[in-house]
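A.B. asks: heads up, no residue letters with this:
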């Protein structure tokens, strides 16, 4: 059975578009987690999505991060097998003013498959 691996990063009110890491070729993305430890406080919608340069929500679509706790994530169309290595980013979007607080831990769970 393949070993589960992880890419992790924090999104904060000061670092709103961190690179999470590089997903290797032949990876199978299984899950994406978002744990908000400090609520984002713009005066509009506060969302985080996870993707790569050609599809910014490939792994997880916008999730509300205006309250703390583990968030229910809607997985994106890129979840599953990918034969291409990808640099993965998280993107925070404020629907109003810039937030003065906010911190979320983003985790991508994946495993490697043998090349085809």
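C.D. replies: Structure's in. What do you need? These numbers were taken from a predicted model, which means no experiment stands behind them.

A.B. asks: Please make it C-alpha for all contacts and neighbour counts, starting now.
C.D. replies: Noted.

A.B. asks: quick check: longest strand of this protein.
C.D. replies: Assignment by DSSP state E gives strand 27-38 as the longest strand of the chain.

A.B. asks: Give me the packing partners of the helix or strand bottoming out on mean pLDDT in the chain, helices and strands only.
C.D. replies: Ranked by mean pLDDT, DSSP states H and E, the weakest helix or strand in the chain is strand 80-82, scoring a mean of 93. Using 3 or more C-alpha pairs under 8 Å, 6 or more residues apart in numbering; DSSP states H and E, the elements in contact with strand 80-82 are strand 27-38.

A.B. asks: Run through who's touching the helix or strand where residue 107 lies.
C.D. replies: Element membership for residue 107 (DSSP states H and E) is strand 103-112. With C-alpha atoms under 8 Å, 6 or more residues apart in numbering as the test, strand 103-112 has contacts from 2-13, 20, 24-40, 65, 90.

A.B. asks: Among the residues you listed, name the buried ones.
C.D. replies: 7, 9-13, 20, 24-29, 31-40, 65, 90 (16 or more other C-alpha atoms under 10 Å).

A.B. asks: Is there a neighbour count for residue 53? I'd like the number.
C.D. replies: Residue 53 is flanked by 11 other residues according to other C-alpha atoms under 10 Å.

A.B. asks: so who does it touch?
C.D. replies: 87-88.

A.B. asks: can you pull the contacts of the residue nearest the centre of the chain?
C.D. replies: Taking C-alpha atoms, centre = their mean, the centroid of the chain lies closest to residue 50, which sits 3.4 Å from it. By C-alpha under 8 Å, 6+ apart, residue 50 lies in contact with 56-62, 88-91.

A.B. asks: what are the phi and psi angles of it?
C.D. replies: Dihedral angles of residue 50 (phi, psi; degrees, to the nearest 10) stand at phi -130, psi 130.

A.B. asks: now it, nearest residue through space, not along the chain?
C.D. replies: residue 90 (4.4 Å; C-alpha to C-alpha, 6 or more residues apart in numbering).

A.B. asks: Surely that neighbour is in contact with residue 21?
C.D. replies: No. Applying C-alpha atoms under 8 Å as the test, residue 90 and residue 21 come out as separate, 9.9 Å apart.

A.B. asks: Fine by me, we can end here.
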